[in-house]
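Trainee: no FASTA, just this:
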């Protein structure tokens, strides 16, 4: 079942950057120094939005990378 809050994610283990695209804005934020274990748990979480709110948001430094188009 697709997330209602998160459109897509990408993780780069070399840089430990987790990129997250949000619904409905499509905005992409990069979260820094995310451990591979955290991403692995995120990728398999039944609710991506709930996991993000509990274990990523407010725990990692982040920056807005791009504004998406609102569809």
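Mentor: Cool, the structure landed. For clarity, every value in this text was computed on a predicted model and none was experimentally measured.
Trainee: so what touches stretch 54-64?
Mentor: For stretch 54-64, the surrounding residues in contact (C-beta atoms under 8 Å, 6 or more residues apart in numbering) are 18, 20, 27-34, 38, 41-42. Heads up, the C-betas are built off the backbone N, CA and C, glycines and all.
Trainee: flag every buried residue along it.
Mentor: Judged by neighbour count using 16 or more other C-beta atoms under 10 Å, the buried positions of stretch 54-64 are 56, 60, 62.
Trainee: report pLDDT for the residue sitting nearest the centre point of the chain.
Mentor: Taking C-alpha atoms, centre = their mean, the centroid of the chain lies closest to residue 20, which sits 3.2 Å from it. Looking at residue 20, its pLDDT reads 97.
Trainee: my read is that it contacts residue 6, right?
Mentor: Yes: the criterion here is C-beta atoms under 8 Å, and residue 20 meets it with residue 6 at 6.0 Å.
Trainee: one step back: got TSV for the buried residues of stretch 54-64, with secondary structure and distance to residue 47 too?
Mentor: Shown next, in TSV, are the buried residues of stretch 54-64 (DSSP: H, G, I helix; E, B strand; the rest coil; distance: C-beta to C-beta, whole Å):
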residue	secondary structure	distance to residue 47
56	coil	13
60	coil	19
62	strand	20
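Trainee: is it possible to export those to TSV including pLDDT and distance to residue 50?
Mentor: Formatted as TSV, those follow (pLDDT from 0 to 100; distance: C-beta to C-beta, whole Å):
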residue	pLDDT	distance to residue 50
56	97	11
60	98	17
62	97	18
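Trainee: buried residues of stretch 42-52, list them for me.
Mentor: Buried residues in stretch 42-52 (16+ other C-beta under 10 Å): 42, 48, 51, 52.
Trainee: mind listing residues that contact it?
Mentor: Stretch 42-52 has contacts (C-beta under 8 Å, 6+ apart) with 3, 4, 5, 6, 9, 11, 18, 20, 41, 55, 56.
Trainee: just the buried residues from those residues, in PyMOL please.
Mentor: Restricted to buried positions by 16+ other C-beta under 10 Å, the PyMOL selection for the contacts of stretch 42-52 reads:
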select buried, resi 3+6+9+11+18+20+56
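Trainee: noted, bye for now.
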